[in-house]
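Undergrad: sequence below, structure please.
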Amino acid sequence: FSRINNCVGEWNQKYFLQFLIFVGIMSIYALTLIAYSWVKDCHFCSKDIMLKQKRLMHSVILTMESILFGLFVIAIMCDQFSAIFADETQVEQVKKQGPFRSKRPKMSLLREVCGRTHPILWVFPCTSAPKGSDMSYNTIPI
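TA: A predicted model of the protein is given here:
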């Protein structure tokens, strides 16, 4: 469905998922603010018809943009999570070779991508090295 190509890999998939989740949340937040601005009566807003029309146009455009971004991000996020839970790369899925590894629980697969820390810490863009590695993402081997 969506082709990310080689931009998202083992070392940055967590950050890509965080980006998708945060953009999805911001789309919902924008839609909430738009709905609130129309439900809540504005006493100090101008009664000028031109300003009301501009406000309406701005709200319509922002609503469409938020919905489109939200749907796009949800589609890519579902694709990424299905790849994680299937434990297959896109190439393995296309070739229909099947996963080369034994079936593991979904939480174990998420830990492999997001880190071995507590799941609440997965939402923070912190670095963590793969298990069994002495190297962090910020160090460069010499």
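
Undergrad: from now on I want contacts and neighbour counts done on CA atoms only, so please keep to that.
TA: Noted.

Undergrad: can you count the residues close to Ile67?
TA: 17 (other Cα atoms under 10 Å).

Undergrad: just the pLDDT for it.
TA: With respect to pLDDT, Ile67 scores 95.

Undergrad: then Tyr36?
TA: 91.

Undergrad: that one: how many residues sit nearby?
TA: 11.

Undergrad: and the pLDDT at the most centrally placed residue in the chain?
TA: Nearest to the geometric centre of the chain sits Leu20, at 1.3 Å (Cα atoms, centre = their mean). The per-residue pLDDT reported for Leu20 equals 91.

Undergrad: in this structure it contacts Met77, no?
TA: Yes. Counting by Cα atoms under 8 Å, Met77 is a contact partner of Leu20 at 6.3 Å.

Undergrad: strands of this structure, start to end?
TA: Applying DSSP state E to the chain gives no strands.

Undergrad: helix or strand with the lowest mean pLDDT in it?
TA: helix 90-95 (a mean of 70; mean pLDDT, DSSP states H and E).
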